[in-house]
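Peer 1: take this sequence and fold it.
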Amino acid sequence: MKGWRVLLWLAGAWVLWGCTAPETPPPATPSPTPPPVLRVFRVPEARALDPTVRACAREQDMLLRLEMLSYPPTGPLEGLWLTWGPEPWHPEAPSYALAWWSLRPVVHQDAGVAQVTVETLQAIYRGSLRSWADVGGEEIPLIPLLPPPGHPLYTGLARRVRPYPWAGDVLWVTTPEDMLHWAQTRPGTLGWLPEPWWEEAQASGLRVLSVKGDPDDLLGPWPVLLQWAPDARIPTALLGCLRVRVATSWSQEAIP
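Peer 2: Here you go, the predicted structure:
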């Protein structure tokens with residue numbers, strides 16, 4: 001009988017220990033690592049590359065934060081910078097050319113002009129030409145548009161037009177989209193657009209003017225530069241994606 005009592009006592013103790021013993025916590029589930037954030041700062045003209053940058057960010061499982069730069073682009077170099085012009089904004093940073101875009105004047109077809117000279121452009125911004133009839137077009141008042149200070153065109157005209165009075169009516173326009181709007185709604189407008197907008201301009205009833213003379217230093221082609229801080233770690237796969245998806249030339253060598 002004593003053996004049964006011992007067994008019963010042991011069984012009761014086992015049950016009691018099971019009821020009072022602390023429960024073993026389930027294994028901890030590790031928190032998912034948040035995806036890295038890709039910060040891209042870009043000038044208005046580089047907006048044409050936004051779909052490409054977004055696609056490459058998704059391909060690399062990165063969250064994208066796009067921020068627009070004003071002219072002249074300033075601030076610390078962080079993330080990626082997309083700028084357009086003859087000179088890198090940060091000479092000390094690695095620079096790769098994603099594309100080479102020229103700038104051309106655009107007018108409404110009603111202006112009746114197909115080409116201009118560099119000298120004509122200088123005269124327009126000096127204020128000595130006020131009608132498209134002065135350059136072989138229609139009797140339509142000429143309304144020149146101008147990008148903001150710091151823009152490559154502004155800088156180029158400043159070197160060629162001396163003095164720089166901006167006589168007459170000159171309108172300041174900051175984005176290619178605004179240039180398109182003005183040129184579409186005001187037949188006398190002289191606007192300026194980089195290459196990615198030329199097809200849309202022509203489909204909207206505008207004319208991309210050819211420029212006679214020596215316009216290369218004034219109107220490009222200029223590189224769309226991808227830059228980043230020298231100590232930043234940019235995924236090689238991201239750069240490879242941009243290289244594959246951009247349909248124009250890519251320079252493998254850093255631009256000094």
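
Peer 1: domain map for this structure?
Peer 2: By the assignment in automatic domain parsing, the chain contains the domains 37-101+221-245, 103-219.

Peer 1: want to throw the ones you listed into JSON lines with mean pLDDT and mean neighbour count?
Peer 2: The C-beta positions use only the backbone N, C-alpha and C, and glycine is treated the same way. Formatted as JSON lines, those follow (pLDDT from 0 to 100; neighbours: other C-beta atoms under 10 Å):
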{"stretch": "domain 37-101+221-245", "mean pLDDT": "87", "mean neighbour count": "17"}
{"stretch": "domain 103-219", "mean pLDDT": "87", "mean neighbour count": "17"}
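
Peer 1: can you tell me which helix or strand Pro149 belongs to?
Peer 2: Taking DSSP states H and E as the definition, one finds Pro149 inside no helix or strand.

Peer 1: so it is in contact with Leu157, correct?
Peer 2: No - under the criterion of C-beta atoms under 8 Å, Pro149 makes no contact with Leu157, lying 10.8 Å away.

Peer 1: all strands of this structure, in order?
Peer 2: Applying DSSP state E to the chain gives strands spanning 37-42, 63-68, 80-84, 95-101, 103-108, 115-117, 143-146, 171-172, 189-194, 206-208, 210-212, 222-228.

Peer 1: what's the closest of those strands to Ala237?
Peer 2: When these are compared by C-beta to C-beta, strand 37-42 sits nearest Ala237, at 12.0 Å.

Peer 1: in contact with the residue lying closest to Trp198 once chain neighbours are set aside, which residues?
Peer 2: Distance criterion C-beta to C-beta, 6 or more residues apart in numbering; nearest residue to Trp198, sequence neighbours excluded, is Val208 at 5.0 Å. Applying C-beta atoms under 8 Å, 6 or more residues apart in numbering, we find Val208 in contact with Arg104, Pro105, Val106, Leu193, Trp198, Ala201, Gln202.
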